[in-house]
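> what follows is a predicted structure for the sequence shown.
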Amino acid sequence: MLNSRIELMCKDRLYNNILVKGVSGSGKSTYLINRVNEYINKYSVEDGDSILVLFKNKLSKSIGLKLFEEQEREETLFSFLNIKVDFYTYDELVENLLKVKGINLCSGDKKREILLEAIDSIKGDLKNSKIFRISNIENIEKEVCEILSSNISRKQYIEGRRKVSYVKAKKNSHNRELLFNVSEIFKKLIFKNNVYIKDVIDIELIEKFLDNNDIYTHIAIDDGEFLTEKQRKFIYTLRKDSSISTITITSKRNIKDVSFEKTYNLRNNIRSSEEIRNLIKGFKGNKNILEKNINIPYHLIYDDMGKSFLAIRDLIKNNISLRYKYEDIIVLFKNEEELRKGKLYFINSKIPCRRIKNSLYSNGDKIKLAVFDDVLGISSKVVIVTNFNNENYSTIKEKKILIDEISMAENELYLVGYGKESKFVNKLPVGVLEDRRFVSNKGIESFTYVDCKKNKVINLLRDISAPKNMLINVNGKEEELADSEVSKVKVFSHIAAGMPIFISEEETGEMYLPNSVLTKNKEHFILTIDGDSMINVGINNGDKVVIERNNTVENGDICAVEIDGNATLKTVKIANGMATLISENDNYAPMNFGLNEIRIIGQAVGIIKNN
């Protein structure tokens, strides 16, 4: 049942370009789907006319499909035409076009191969650069892709301040010049190989192959602010050149890259509690509509705040982190004080996390922590809302939160409260917010091993339930390793990549590694990196480093070094009876010690990165 405001908007006359603005829960998506119905009934005049309805993620698409299937179609002169209506996320649209046009999806191995070819083509210019090491190839790849996806000019990149960076390179430096050169060569090689890499040059590549079969009479975009300007401009190229052709966009804010004939503002329009409950109730009764890998929201309630934080910690460690990267998870708090308390639980449990504001970039594989109001308008694969209970939110705010989080969570949504259960939640029908069993359905862990001695990278997969069972991936081929081909390596506490910290002699775990990456008859152990002082050689916070026990060192070796009972990981240089410990990050100054003041624990021979 539409409220009168949205019903009048849906029945309004034809405008070629429409923008609908409003907060979550104001009815933008409801308007969009009903407007699509109007386009089918009144403004599709030729057999074969088509409509594209675009969503930001699969969950939003599922909600849109549910609303669309509930629409009653009028029988008009045009309603007997063969009208095609495509419901896609942006990624699904692009993937479908790739399939139809025969453009190859670029695998991770192929992307790495093309990048190495680009770097090799300018190897003569790399002699004085420390960043172009094989151990740093992952960060170089991210930096190059960021350059291309942002569509930045050479001058802007070399001279400007970067909001997102994966490789430490100063403004106006030779390293920035080299990185930009590599990005240009990388782009040319991608075109030459006719392959697609998401968010890099996908749009330009696909546009070369577009024809009339790819054009839509009407295009409707829900939550259009989630597309980049580059992506929206690509969508506009799919619009049919016709006097009745339309583009309709809903958004929380202004969209400036198209001129709108009509703008509606739903600022004061808000769904009733009953409408929201009916929307969620519909998930339960229409599971065939929802994607199989999309979970409906579920609610967890505990006695007090501490128990709720402990439950969130256990949920992340024992369940969610087995299926997602940490950076795919965002935890939302009511205010800064509760965020600080929650962060302490994560830090004490060795769960990497970082406070963010207004951006999902979290500088590595870390859980994102935010106050709710700071991250309106962005999305994440897993969203956990804390302190969702009766005492802390008004009904209006709870309604806004629930609708925002349904649209913000791409795959999984958890509403976690304590004390008295929320009035809003406990009015929902039984089973709408499910209390699911915390059992992972994935038993395979994938990680990358950087062999510092042999200067090569290999991909490894292991069975979590039987960690000795291991596959090694070489050149795209998986080979199972026999028990005799792997060895157990002890895992100890964290080691600092920053200022030295105490390292415990107590073993905290174990891990199996292929014998091929270990030196025969040498003792090895693994330490987890804490800090960012070695990022320029590809050793990031949270990585694990394989140390080969050795009390001697050659100049330039990366070593674990003990200083007065504390340990740190640094590049070591020895001269004139002094040892200089060098960070691979310009933010840290070298440290000088007499040879009798330090002890070499061992040399770093490998880096383990979780995939």
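Arrived safely, thanks for sending. Numbers count the residues shown, from 1 in each chain.

> can you report how many residues neighbour residue 257?
Summarising burial for residue 257: neighbours were counted as other CB atoms under 10 Å, giving 12. Every C-beta, even on glycine, is put in place using the N, C-alpha and C of the backbone.

> to clarify, my last question referred to residue 589.
By the criterion of other CB under 10 Å, residue 589 has 8 neighbours.

> what ranges does the stretch 451-600 of the chain have for its strands?
In the stretch 451-600 of the chain, the strands defined using DSSP state E, counting those that start in this stretch lie at 456-463, 466-474, 477-481, 486-496, 501-502, 509-514, 524-530, 544-549, 558-563, 566-575, 578-582, 591-594, 599-610.

> contacts only, for residue 562.
503, 598-601 (CB atoms under 8 Å, 6 or more residues apart in numbering).

> please redo it, this time with the cut-off set to 7 Å
Shown in contact with residue 562 (CB atoms under 7 Å, 6 or more residues apart in numbering): 598-599, 601.

> what's the answer for residue 593, then?
Residue 593 makes contacts with 563, 578-579, as judged by CB under 7 Å, 6+ apart.

> quick one on the thing from earlier: now the strands of the stretch 451-600 of the chain in TSV, with mean pLDDT?
Converted to TSV, the strands of the stretch 451-600 of the chain look like this (pLDDT from 0 to 100):
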stretch	mean pLDDT
strand 456-463	79
strand 466-474	70
strand 477-481	72
strand 486-496	78
strand 501-502	44
strand 509-514	86
strand 524-530	88
strand 544-549	92
strand 558-563	90
strand 566-575	89
strand 578-582	93
strand 591-594	92
strand 599-610	91
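
> turn these into TSV, including distance to residue 102.
Putting those into TSV (distance: least, CB to CB, whole Å) gives the following:
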stretch	distance to residue 102
strand 456-463	28
strand 466-474	27
strand 477-481	25
strand 486-496	41
strand 501-502	54
strand 509-514	38
strand 524-530	43
strand 544-549	41
strand 558-563	45
strand 566-575	48
strand 578-582	50
strand 591-594	57
strand 599-610	33
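
> can you tell me the SS state at residue 139?
Under the three-state scheme (DSSP: H, G, I helix; E, B strand; the rest coil), residue 139 adopts helix.

> verify the contact between it and residue 165 for me.
No - contact criterion CB atoms under 7 Å: residue 139 and residue 165 do not qualify, at 9.2 Å.

> higher neighbour count, those two?
Neighbour count, other CB under 10 Å: between residue 139 and residue 165, residue 139 has more, with 22 against 16.

> let me see the contact set for the closest residue to the more buried one other than its chain neighbours.
Nearest residue to residue 139, sequence neighbours excluded (CB to CB, 6 or more residues apart in numbering): residue 166, at 4.4 Å. By CB under 7 Å, 6+ apart, residue 166 lies in contact with 139, 142-143, 146.

> element containing residue 166?
Per DSSP states H and E: residue 166 is located in neither a helix nor a strand.

> could you measure from it over to residue 537?
13 Å (CB to CB, to the nearest Å).

> go on, residue 577?
Distance, residue 577 to residue 537, using CB to CB: 26 Å.

> and for residue 104?
Taking CB to CB as the measure, residue 104 falls 33 Å from residue 537.

> same check on residue 165?
According to CB to CB, residue 165 and residue 537 sit 16 Å apart.

> just how off-centre is stretch 181-199 within its chain?
Offset of stretch 181-199 from its chain centre (CA atoms, centre = their mean, to the nearest Å): 22 Å.

> I'd like the numbering to begin with 13 instead of 1 from here.
Done: numbering now begins at 13, and the last item shifts to stretch 193-211.

> same question for that stretch, mean pLDDT?
Averaged across stretch 193-211, the pLDDT comes to 83.

> contacts made by the longest helix seen in the chain with the rest, please.
Assignment by DSSP state H gives helix 186-205 as the longest helix of the chain. Helix 186-205 is touched from outside by 126-127, 129-131, 133-134, 137-138, 141, 143, 155-156, 159-160, 166, 169-170, 179, 181, 209, 213, 217, with contacts defined as CB under 7 Å, 6+ apart.

> just those residues: which are in helices?
Per DSSP H, helices hold the following members of those: 126-127, 129-131, 155-156, 159-160, 166, 169-170, 217.

> give me the low-pLDDT residue ranges for the stretch 113-262 of the chain?
210-218, 220 (pLDDT under 70).

> among the contacts of residue 178, name the buried ones.
Among the contacts of residue 178, those classed as buried by 16 or more other CB atoms under 10 Å are 151, 155, 158.

> in JSON lines, list the residues you listed along with distance to residue 327.
Shown next, in JSON lines, are those (distance: CB to CB, whole Å):
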{"residue": "151", "distance to residue 327": "30"}
{"residue": "155", "distance to residue 327": "33"}
{"residue": "158", "distance to residue 327": "31"}
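
> show me where the stretch 163-312 of the chain has its helices.
Listed in chain order, the helices found in the stretch 163-312 of the chain under DSSP state H, counting those that start in this stretch are 166-171, 186-205, 214-219, 241-248, 285-297.

> what's the local residue count around residue 190?
Using other CB under 10 Å: residue 190 sits among 20 other residues.

> quick one: it from residue 198, how far?
For residue 190, the distance to residue 198 equals 12 Å [CB to CB].

> before we move on, what about residue 554?
Applying CB to CB, the value for residue 554 to residue 198 is 27 Å.

> between the two, which has more neighbouring residues?
Taking other CB under 10 Å, residue 554 and residue 198 do not tie; residue 198 has more neighbours (25 against 18).

> what's the closest non-adjacent residue to the more buried one?
Per CB to CB, 6+ apart, closest to residue 198 is residue 130, 4.3 Å.

> residue contacts, the one you found?
Neighbouring residues of residue 130 by CB under 7 Å, 6+ apart: 194, 197-198, 201.

> ok, and what's touching the host helix or strand of residue 32?
Element membership for residue 32, per DSSP H and E: strand 29-33. Residues from elsewhere that reach strand 29-33, judged by CB under 7 Å, 6+ apart: 40, 43, 259-265, 267, 270-278.

> which ones among those residues map onto strands?
Mapping the contacts of strand 29-33 onto strands (DSSP state E) picks out 259-263, 274-277.

> picking up where we left off before, buried ones among the contacts of strand 29-33?
Listed as buried from these are 40, 43, 259-264, 267, 272, 276, 278; burial here means 16+ other CB under 10 Å.

> nearest to residue 468, of the contacts of residue 605?
residue 591 (29.2 Å; CB to CB).

> can you count the residues close to the closest one?
By other CB under 10 Å, 22 other residues sit near residue 591.

> skip the chain neighbours and tell me the closest residue to it.
residue 605 (5.1 Å).

> then residue 555?
Sequence neighbours aside, residue 541 is the residue nearest to residue 555 in space, at 4.8 Å (criterion: CB to CB, 6+ apart).

> so how far is residue 329 from the one you found?
Relative to residue 329, and taking CB to CB, residue 541 is found at 19 Å.

> between the two, who's got more neighbours?
residue 541 (24 against 14).

> if we can go back for a sec, and which of the ones in strands among the contacts of strand 29-33 is nearest to residue 463?
For the ones in strands among the contacts of strand 29-33, the nearest to residue 463 is residue 263 (48.1 Å; CB to CB).

> show me the contacts for the residue nearest the centre of the chain.
By CA atoms, centre = their mean, the chain has its centre lying nearest to residue 340, at 5.0 Å. Residues counted as contacts of residue 340 (CB under 7 Å, 6+ apart) are 392-394.
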